[in-house]
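*Asks:* The sequence and its predicted three-dimensional model are supplied below.
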Amino acid sequence: MDKQAAIEEAAREVLAHGGPDCLTDPKQVTRAMTRAFDLGATEQDVTAEMRRQRGA
């Protein structure tokens with residue numbers, strides 16, 4: 001998995017999680033974010049991708 005794919009996955013998982021409603025397992029979100037960060041992504045990268053995915 002490359003950095004961009006990890007960012008896209010992390011954004012997807014965060015959005016699917018549903019915020020305070022916790023619609024998915026929070027460990028999925030944590031694992032996806034960790035993969036993205038391990039590949040050099042920043043919180044800003046993931047936030048920007050979340051905005052892009054919401055707008056798509």
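*Replies:* Here it is on my side, so go on.

*Asks:* ranges for the helices of the protein?
*Replies:* Under the criterion DSSP state H, helices of the chain are mapped to 3-17, 26-38, 43-55.

*Asks:* Please point out which parts of the longest one sit buried.
*Replies:* So that's helix 3-17. For helix 3-17, a neighbour-count test (16 or more other CB atoms under 10 Å) marks 6-11, 13-15, 17 as buried. All C-beta spots, glycine's among them, are computed from the backbone N, C-alpha and C.

*Asks:* buried sites along stretch 41-51?
*Replies:* 41, 45-46, 49-50.

*Asks:* Low-confidence ranges, the protein, go.
*Replies:* 19-20, 56 (pLDDT under 70).

*Asks:* related to what we said a few turns ago, can you say which two of the buried residues of stretch 41-51 are spatially most distant?
*Replies:* Ala41 and Met50 (12.1 Å; CB to CB).

*Asks:* In contact with the closest residue to Glu8 other than its chain neighbours, which residues are there?
*Replies:* Nearest non-adjacent residue to Glu8, counting by CB to CB, 6 or more residues apart in numbering: Glu49, 5.9 Å away. Shown in contact with Glu49 (CB atoms under 8 Å, 6 or more residues apart in numbering): 7-8, 10-11.
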